[in-house]
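Novice: A structural model of the following input is requested.
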Amino acid sequence: MSNTAGKVIKCKAAVAWEAGKPLVIEEVEVAPPQKHEVRLKILFTALCHTDVYFWEAKGQHPLFPRIFGHEAGGIVESVGEGVTELQSGDHVLPVFTGECKECAHCKSEESNMCDLLRINTDRGTMLNDGQTRFSKDGKPIYHFVGTSTFSEYTVSHVGSVAKINPAAPLDKVCVLSCGICTGFGATVNVAKPKKGSSVAIFGLGAVGLAAAEGARVSGASRIIGVDLNSNRFEEAKKFGVNEFVNPKDHNKPVQEVIAEMTNGGVDRSVECTGSIQAMISAFECVHDGWGVAVLVGVPNKDDAFKTHPMNFLNERTLKGTFYGNYKPRTDLPGVVEKYMNKEMELDKFITHSVSFSEINKAFEYMLAGQGIRCIIRMEH
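Specialist: The predicted structure is shown next:
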């Protein structure tokens, strides 16, 4: 065990004191891990749109002060009582959802939606005792989705931590702990396009580009990118996208445009925007008889999906997915190996890198729509 095991660690963390205000680098105290918890030293973290969404706190219950961050790579510093599958020094990816390995979902081959550890954006404390492990001047600082990686040290439930190959570069594979697996898995695990098939990707942000990468490695021949921002089309070519549609350029619904381009519709579509109109278009643009549409984006809470039932009766299939249908602890090590074996590319997703002290720059890049992923280096 490390010489800090069982002790409170003082370290730097980027604290969000209030909604939408720049994060402040503070010295915080991180308590030792309790039962079924591990304390991690974060080496690299990335900014994901979900962090920005909850930092802005426009549509949900605000909880501050809070330490955001959930896409990261690090090393186990110490483990709490009852933890046997991890030990100090292990290389890991903390994940915003988990795998307890005990519940009905974890025991099912078909689900990754763990009853105990599935994402909960409202909870700001640890499951074990309802307390935070972060504090400053004796006052609690809240957790975010069980990871809170914008801190040099953090505490997570053991079920939300995937042990990976120590030879894997953490500054690259850290992006697998959220967005890239979400998009890549939506294509390879759920849509499952056949070699030579056609795939439409709605939304060319990080998740959509990962979905395109999944189509590319699956051998799809036509990968059609759909986005309202034509500036994204050039970058998307690196991810296998070879045709583009901007719905704003047409005076008819984009599903009709795609059906005309593809002689009746694409074989598969993956929706990565969260726009209800894009979801409907993604479903209605797949070919009758065999087309499959997969929804990835998270809608607004009042949205309703409307389509004519004949679209289903004509043998189109609509599916949803969460985190690319990957079980974090069981499947993530294998995805890392895919990268190590050059079966998938990650480097092209990483367009920016900043030091921890410049973390607010990462927010600026994302708010300006610049780049895909910005890596934040924790060590100065």
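
Novice: Give the full set of residues in contact with Q255.
Specialist: Contacts here follow C-beta atoms under 8 Å, 6 or more residues apart in numbering; on that basis Q255 touches 280-282, 284-285. (C-beta placed from N, C-alpha, C; glycine too.)

Novice: nope, G159 is what I was after
Specialist: 36, 98-101, 114, 116-117, 328-329.

Novice: Number of residues surrounding the nearest residue to it once chain neighbours are set aside?
Specialist: Spatial nearest neighbour of G159, excluding adjacent residues (C-beta to C-beta, 6 or more residues apart in numbering): G98 at 4.0 Å. Counted with other C-beta atoms under 10 Å, the neighbours of G98 add up to 29.

Novice: want to throw the contacts of G159 into JSON lines with pLDDT and secondary structure?
Specialist: Output for those, formatted as JSON lines (pLDDT from 0 to 100; DSSP: H, G, I helix; E, B strand; the rest coil):
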{"residue": "H36", "pLDDT": "98", "secondary structure": "coil"}
{"residue": "G98", "pLDDT": "97", "secondary structure": "coil"}
{"residue": "E99", "pLDDT": "98", "secondary structure": "coil"}
{"residue": "C100", "pLDDT": "98", "secondary structure": "coil"}
{"residue": "K101", "pLDDT": "97", "secondary structure": "coil"}
{"residue": "C114", "pLDDT": "98", "secondary structure": "coil"}
{"residue": "L116", "pLDDT": "97", "secondary structure": "coil"}
{"residue": "L117", "pLDDT": "97", "secondary structure": "coil"}
{"residue": "P328", "pLDDT": "97", "secondary structure": "helix"}
{"residue": "R329", "pLDDT": "98", "secondary structure": "helix"}
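
Novice: which of these lies closest to V175?
Specialist: Of all the contacts of G159, V175 sits closest to P328, with 14.6 Å by C-beta to C-beta.

Novice: Could you check how many residues crowd around that closest one?
Specialist: 24.

Novice: Same check on the one 5 residues further on?
Specialist: By other C-beta under 10 Å, 16 other residues sit near P333.

Novice: what secondary structure does it sit in?
Specialist: helix (DSSP: H, G, I helix; E, B strand; the rest coil).

Novice: Surely it and A162 touch.
Specialist: Yes: if you go by C-beta atoms under 8 Å, P333 and A162 touch, sitting 6.3 Å apart.

Novice: if I pick the residue lying closest to G297 once chain neighbours are set aside, what's in contact with it?
Specialist: Take G297 and drop its neighbours on the chain: the residue closest to it by C-beta to C-beta, 6+ apart is G274, 3.3 Å away. By C-beta under 8 Å, 6+ apart, G274 lies in contact with 203, 297-300.

Novice: pLDDT score for G274?
Specialist: Per-residue confidence (pLDDT) for G274: 93.

Novice: so which helix or strand takes in it?
Specialist: Remark: G274 resides in no helix or strand, with elements defined by DSSP states H and E.

Novice: How many residues are close by the residue nearest to V241 when sequence neighbours are not counted?
Specialist: Nearest residue to V241, sequence neighbours excluded (C-beta to C-beta, 6+ apart): G225, at 4.0 Å. By other C-beta under 10 Å, 27 other residues sit near G225.

Novice: Where do the helices of the chain begin and end?
Specialist: 49-56, 104-107, 170-173, 179-185, 206-218, 232-236, 254-261, 276-284, 310-313, 328-340, 359-367 (DSSP state H).

Novice: Nearest approach to F150 belongs to which of these?
Specialist: Among the helices of the chain, if distance is taken as C-beta to C-beta, the winner is helix 359-367, at 6.6 Å.

Novice: how far does the closest one sit from the chain's center?
Specialist: Once both centres are worked out by C-alpha atoms, centre = their mean, to the nearest Å, helix 359-367 turns out to sit 17 Å from its chain's centre.

Novice: Packing partners of it?
Specialist: helix 49-56, strand 350-355, strand 373-377 (3 or more C-beta pairs under 8 Å, 6 or more residues apart in numbering; DSSP states H and E).

Novice: From R316, how far off is the residue nearest to G297?
Specialist: Noted for G274: a distance of 21 Å to R316, by C-beta to C-beta, to the nearest Å.

Novice: number of nearby residues for L23?
Specialist: Neighbour tally, L23, other C-beta under 10 Å: 21.

Novice: how about the nearest residue to it, chain neighbours excluded?
Specialist: Nearest residue to L23 in three dimensions, chain neighbours excluded: A14, at 4.0 Å (C-beta to C-beta, 6+ apart).

Novice: separation between that neighbour and E358?
Specialist: Separation of A14 from E358 (C-beta to C-beta): 10 Å.
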